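> What follows is a predicted structure for the sequence shown.
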Amino acid sequence: MLNIPLALTYDDVLLVPKKSEITSRQDVDTSTKLSRNLKLKIPIISANMDTVTESRMAIAMAKKGGIGIIHRFSDIEAQVKEVIKVKRHQHLVIDNPFTISATATLGELKEKIITTGTSGFLVADVNNLLLGIISRRDIDFATDDLTTVAELMTPKEKLITANPDVSPEEVKRLFRLNKIEKIPLVDDNFHIKGLITQKDVLIYGNNREAAKDLRGRLLVGAAIGAGGDYLERAKALIDAEVDALVIDIAHGHSLNELQAIYKIKELYPQIELIGGNIATAAGALDLIKAGVDGLKVGIGPGSICTTRITTGFGVPQLTAIFNIAPVCERYQVPLIADGGVKQPADVVKALAAGADCVMIGGQFAGTEESPGPVITYRGRQYKISRGMASLTAALSRPNAKENFKEITPEGIEARVPYRGSVDNIINQFIGGLKSGMSYGNAKTIDELRDCQFIRITDAGRTESGSHDNEVL
Ligand code: XMP
């Protein structure tokens, strides 16, 4: 019994300030990795919970430089739709632009403008070869509905086109020099490969802090299970061009999950696959060897979790991160600290302990962007946050009602104060992180790991919060 080790969590420790050479919080770089090949600009991820992340939250997260993981507690089609909404929200390249044939009439073109809601079309032949462009400007003064598109279009000889792998910088240069609105992307034989519009380039340029893929679309992840329809779900999500899959099961260090990792990596070796949840170095090693590209760490620290109370198992979150970080470092697999973040300092501590990013649920559940309505109770506004293993979440799954008596919840349902846009909360977290990095003389998240932790007592904890006054 005397050998029972002590395990710590965020509130048990503080970081010791260092002499700082950082003169401005703007000088620190908060970029990090979600998984082996996915970069983020801020180390914050919204949790794959049905009261936290659907497309609205994922769009807001990616626009701030983080990422949202769409939960899996809906049918496959609904989850895929959420992923598509994020991927379509903004883009640099339109992959399959609308086309019209050169022999179509002005009347047909007008009809197409109404049905598609688009005013400009690439003119293509049956082999999808570019023949020209027709836009509203070309038809403004045309009166005869029988005139053909060929007569009205700007022919390809007069167009500025580009290769499909043109860089965003070159695209900007072309728009600036030529004062045009659209650039068709074509291969050497003039086959249409995409379209870039000036409007999309402006959005792309104005949104520098966003986490984007190579085509300027926002990053998004999605959760799957390790049984049932998980392979069908994984395929549908990959077809929808999701950027990362997260295997979301309560006890990730299990045969079920290891088999799921092997299977998914065998079928889709290119997908960024995040495994979890785990809380031990042995778990990390097994999942990494099975093939994961990222690891989600946290058994029971979450705001709505009761796993530790129900089962007696779990590891306080800071110790879990400390134990797993060296394994992740050795294999260059990013560590996501999932659950238990209550305030900005917890993010700083998680990163200093070795995490690459943090996943947040409860703190985001009360925001405008989380799913579900705002409810009013005794004059105050709230939203619902619930554990994905809570009774109501379990009951909402197919066939649950018949097995009602067998459900042992490992999570709760809660009312959380409505807090407006998630932007404000992320700003607070990132403000705290940047300030923390300056206290630790860390220009990067990597340098934050050189900071020294100290354990504190109850008295130290009391001293850390506001005290000896009446909070207004
Ligand atoms: P926070 O503290 O940010 O934690 O709200 C979010 C994380 O909690 C986990 N989660 C659960 N854990 N029972 C659990 O033991 C549950 O019902 C449950 N639902 C969510 C999950 O890892 C999430 O990201």
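Structure's in. What do you need?
> Please name the nearest non-neighbouring residue to Gly65.
Closest residue in space to Gly65, ignoring its immediate chain neighbours: Lys41 at 3.0 Å, by C-beta to C-beta, 6 or more residues apart in numbering. For the C-beta atoms, the positions are set from N, CA and C on the backbone; glycine is no exception.
> How much space separates the one you found from the ligand?
Counting by C-beta to the nearest ligand atom, to the nearest Å, the gap from Lys41 to the ligand is 21 Å.
> can you check Gly221 too?
12 Å.
> Repeat that for Ile412.
Ile412 is 7 Å from the ligand, by C-beta to the nearest ligand atom.
> What helix or strand is the residue of the stretch 201-350 of the chain found nearest the ligand located in?
Here the residue of the stretch 201-350 of the chain nearest the ligand is Gly302; by C-beta to the nearest ligand atom that distance is 2.5 Å. Assigning secondary structure by DSSP states H and E places Gly302 outside every helix and strand.
> okay, now it: neighbour count?
As a burial measure, Gly302 scores 27 neighbours (other C-beta atoms under 10 Å).
> got the contact list for it?
Listed by C-beta atoms under 8 Å, 6 or more residues apart in numbering, the contact partners of Gly302 are 338-340, 361-362, 387, 411.
> State the pLDDT value of it.
On pLDDT, Gly302 comes in at 96.
> Pro344 now?
98.
> pretty sure it contacts Phe429?
Yes - contact criterion C-beta atoms under 8 Å: Pro344 and Phe429 qualify, at 5.0 Å.
> Is Phe295 located within a strand, as I assumed?
Heads up, residue 295 is Leu, not Phe. Yes - under DSSP: H, G, I helix; E, B strand; the rest coil, Leu295 sits within a strand.
> Can you pull the residues of this protein lying near the ligand?
47, 49, 277, 298, 300, 302-305, 307, 338-341, 359-363, 387-390, 410-411 (C-beta under 6 Å from any ligand atom).
> Sitting in helices, which of those do you find?
The members of these that map onto helices under DSSP state H are 307, 362-363.
> of those residues, closest to Thr116?
Thr116 lies nearest to Gln363 out of those, by C-beta to C-beta, at 40.8 Å.
> residue contacts, the closest one?
Taking C-beta under 8 Å, 6+ apart, one finds 303, 341-342, 425 in contact with Gln363.
> ok, back up a step: residues in contact with the residue nearest to Gly65?
By C-beta under 8 Å, 6+ apart, Lys41 lies in contact with 30-31, 64-66, 209-211.
> at 7 Å instead, please
Residues in contact with Lys41 (C-beta atoms under 7 Å, 6 or more residues apart in numbering) are 30-31, 65, 209, 211.
> Check Leu40 too.
If you count contacts by C-beta under 7 Å, 6+ apart, Leu40 has them with 31-34, 65-67, 211, 357.
> Just the pLDDT at it, thanks.
According to the prediction, Leu40 has pLDDT 98.
> got it, and Leu214?
Leu214 carries a pLDDT value of 86.
> hey, where'd the strands end up in the stretch 101-250 of the chain?
Assigned by DSSP state E, counting those that start in this stretch, the strands in the stretch 101-250 of the chain fall at 121-124, 130-134, 154-155, 182-186, 192-197, 221-224, 244-247.
> quick one, which of the ones you listed is packed in tightest?
For the strands of the stretch 101-250 of the chain, the largest average neighbour count (mean count of other C-beta atoms under 10 Å) is found in strand 221-224, namely a mean of 28.
> residues making contact with the lengthiest helix in the chain?
Using DSSP H, we find that the single longest helix of the chain is helix 422-439. Here helix 422-439 makes contact (C-beta under 7 Å, 6+ apart) with 17, 20, 22, 25, 28, 30, 42, 44, 57, 60, 64, 344-345, 347-348, 363-364, 367-369, 419, 448.
> same check, this time on stretch 307-318
If you take C-beta under 7 Å, 6+ apart as the criterion, stretch 307-318 is touched by 7-10, 12-13, 250, 279, 298-301, 337, 339-340, 349, 353, 408, 410.
> again, only this time at 8 Å
Against stretch 307-318 from outside (C-beta under 8 Å, 6+ apart): 7-10, 12-13, 250, 279-280, 297-301, 323, 337, 339-340, 349-350, 353, 389, 408-411.
> Return a PyMOL selection command for the buried portion of those.
Buried residues among the contacts of stretch 307-318 (16 or more other C-beta atoms under 10 Å), as a PyMOL selection:
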select buried, resi 7+8+9+10+12+13+250+279+280+297+298+299+300+301+323+337+339+340+349+350+353+389+409+410+411
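> Let's see which of the contacts of stretch 307-318 end up in strands.
Mapping these onto strands (DSSP state E) picks out 13, 297, 337.
> Thought Ile134 was touching Phe121, still the case?
Yes - contact status for Phe121 versus Ile134: in contact at 5.5 Å, counting by C-beta under 8 Å.
> Now Asp29: closest residue in space, sequence neighbours ignored.
Among residues not flanking Asp29 along the chain, Thr444 sits closest, at 5.1 Å (C-beta to C-beta, 6+ apart).
> Would you enumerate the residues in contact with the one you found?
28-29, 31.
> What does the pLDDT read for it?
On pLDDT, Thr444 comes in at 98.
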